[in-house]
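Colleague: Here is my input; please provide its structure:
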Amino acid sequence: MGRTRRGRKVSGVLVLNKAAGMTSNDAVQQAKRIYGAQKVGHTGSLDPLATGVLPLCFGEATKFSQYLLESDKKYRTRIRLGVTTDTGDADGAVISEASTAGIGAAEVEQALGAFRGAIKQLPPMYSALKHNGQPLYKLARQGIEVERKVRDVTVFQLEMTDFDADEFELELHCSKGTYVRSIAEDLGNVLGCGAHVKSLHRRAAGPYCEQEMVDLETLRQIEDQQGLDALLQPMASAVAQWPAVKMVESTAHFVRQGQPVQVAHAPVNGWVQLLEIAENAPDRFLGVGEILADGRVAPRRLVVHD
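Modeller: This is a model prediction of the structure:
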């Protein structure tokens, strides 16, 4: 017999404001305890130093975590020039210092041009990427450096919003897998003085933005489960940007069996939300599907409603 999961079944997405100084896994475990939930997972790690948007998927919503992992992100970061650390951020040990004389806002702005658009980036050793099953940051703490593959990432927006002596602030919008610490380090190398991330705040992750965030302390002050659950966004919000395919109950029956179906006015390709039309009630989210070459809609990930 399988082991019975402890906790209550609750599904949805919580847009958490991760505090500085905690790991993303710490945030997951604390939220899980507050909700008394069976299953919770995050959708892409934030460094301990970082704050901001960390979407947590509860219950059936964990089936859509991968799509949020692959989504674009937006950040606000403050970068310190002239100081290089072993981690690329303010949590690390200083390994070198250099003069920033002659480096002003104009020089930084000129250097930023090389980091806009499609760029190649070497992931830092202090990252959650794995080498032979071992997280790179664990190897880095042992003084071990391994070869990493250069990644193709895209920086859609990179704007300097403040410059003050040897520090400046950036707003950026980037594709999945982009390391802000690597941008800071590479920028410092281009300027010839070194640099590191002093602070980092994630403003958005996929469809979720900082205006929707709630922090752990606020959650702890809510005494009833109904109040906590009201803060969860519906599972469909994780794929809200995808077109919706609506179907009647008889068609939805076959979808629940995992069978592809023909639906009028469906898109000609790509991934879609699957919705069952309900009378006198909101449409029911069934999961996500993919349009096949013959035009049928094939279910790929379905949710189980209590």
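
Colleague: And the strands in the stretch 51-200 of the chain, which stretches?
Modeller: 51-58, 73-81, 83-85, 94-97, 117-121, 130-131, 134-135, 151-164, 167-174, 195-205 (DSSP state E, counting those that start in this stretch).

Colleague: who are the neighbours of the third one, in terms of helices and strands?
Modeller: With contacts taken as 3 or more Cβ pairs under 8 Å, 6 or more residues apart in numbering; DSSP states H and E, strand 83-85 sits against strand 94-97, strand 195-205. Heads up, the C-betas are built off the backbone N, CA and C, glycines and all.

Colleague: mind giving me CSV with these and columns for mean neighbour count and mean pLDDT?
Modeller: Below are the helices and strands packed on strand 83-85 laid out as CSV (neighbours: other Cβ atoms under 10 Å; pLDDT from 0 to 100):
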stretch, mean neighbour count, mean pLDDT
strand 94-97, 12, 96
strand 195-205, 22, 97
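
Colleague: now those as JSON lines including distance to residue 9?
Modeller: Putting those into JSON lines (distance: least, Cβ to Cβ, whole Å) gives the following:
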{"stretch": "strand 94-97", "distance to residue 9": "48"}
{"stretch": "strand 195-205", "distance to residue 9": "25"}
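
Colleague: Show me the one of those that comes nearest residue 229.
Modeller: Among the helices and strands packed on strand 83-85, strand 195-205 comes nearest to residue 229, with 21.4 Å by Cβ to Cβ.

Colleague: could you check the angle strand 73-81 makes with the closest one?
Modeller: If you take axes from the mean of the first three to the mean of the last three Cα atoms, to 10 degrees, strand 195-205 sits at 160 degrees to strand 73-81.

Colleague: Parallel or antiparallel, list what pairs with the helix or strand following strand 195-205.
Modeller: Sequence-wise, the next helix or strand downstream of strand 195-205 (DSSP states H and E) is strand 208-209. For strand 208-209, the paired strands and their directions (DSSP bridges) are strand 195-205 (antiparallel).

Colleague: what comes into contact with the lowest-mean-pLDDT helix or strand in the chain?
Modeller: Lowest by mean pLDDT, DSSP states H and E among the helices and strands of the chain is strand 130-131, with a mean of 74. With Cβ atoms under 8 Å, 6 or more residues apart in numbering as the test, strand 130-131 has contacts from 136, 139, 146, 148.
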